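Asks: output the structure for:
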Amino acid sequence: MGPIPEVSGEASEPSTRSSARPAVPSALRAPLLTGAAVGAATLLLALRDPHVRGSYGFCPLLELTGLACPLCGGLRATHDLAHLDLAGAWSANALWTVTAPVVVVLWLMWLVSAARGRPVNGLSSTAGWVTLGVALTFFVARNLPGLQPYLTPWV
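Replies: Okay, here's the model as predicted:
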């Protein structure tokens, strides 16, 4: 038989690790921090109305050229979505009104994937080009005289 280990007569100190809250797995940190930041920004937009001109600054492109970019009206649309005013959100930015729920679903998929320990595959270059194409098409469409009354958020 091998040597017998010594037994100390001293009581071992309780582990501080067991009484502390469990640490958040590192894979969950990014989706949780992203969700918290977006949630805080949405709460700010829900509480402070961006429909008041100049409350969040101004859009340089709109001020200099009179053209509404694909993001123009996004803050107002987010405020309206937070208040469940779909018609108001649509009139502020139709593209964002459709895109916001998709973004929430993608975030939930990222969170679940991270919780299960599965790697999250990055967006393909095709998705990036499609997103750019949709944004450019919306930019052109919302600045066409015939579509401006339906797609441009003039205050």
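
Asks: give me the element the residue nearest to the spatial centre of the chain is part of.
Replies: Nearest to the mean C-alpha position of the chain, by CA atoms, centre = their mean, lies V38 at 4.8 Å. If you go by DSSP states H and E, V38 is part of helix 26-47.

Asks: follow-up on the earlier one: tell me the contacts of the residue nearest to the centre of the chain?
Replies: If you count contacts by CB atoms under 8 Å, 6 or more residues apart in numbering, V38 has them with W107. Bear in mind the C-beta positions are built from the backbone N, C-alpha and C, glycine included.

Asks: repeat that with 10 Å
Replies: If you count contacts by CB atoms under 10 Å, 6 or more residues apart in numbering, V38 has them with T78, V103, V104, W107.

Asks: of those - the most surrounded one?
Replies: Within those, most neighbours by other CB atoms under 10 Å means T78, with 23 neighbours.

Asks: how much space between it and G117?
Replies: 32 Å (CB to CB, to the nearest Å).

Asks: can you give me the buried ones in stretch 26-46?
Replies: Neighbour-count burial for stretch 26-46 flags A27, P31, L45 (criterion: 16 or more other CB atoms under 10 Å).

Asks: need these in CSV with distance to S91 and pLDDT, can you?
Replies: Below are the buried residues of stretch 26-46 laid out as CSV (distance: CB to CB, whole Å; pLDDT from 0 to 100):
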residue, distance to S91, pLDDT
A27, 40, 83
P31, 32, 92
L45, 16, 92
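
Asks: now, which of those residues sits nearest V98?
Replies: L45 (18.0 Å; CB to CB).

Asks: how about stretch 107-127: buried residues?
Replies: So, applying 16+ other CB under 10 Å, buried residues of stretch 107-127: W110, L111, A114.

Asks: out of those residues, list just those in helices.
Replies: Counting by DSSP state H, these place W110, L111, A114 in helices.

Asks: pipe these into a markdown table and attach pLDDT and distance to P60 per row.
Replies: Listed next are these as a markdown table, based on pLDDT from 0 to 100; distance: CB to CB, whole Å:
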| residue | pLDDT | distance to P60 |
| --- | --- | --- |
| W110 | 88 | 32 |
| L111 | 92 | 35 |
| A114 | 89 | 36 |
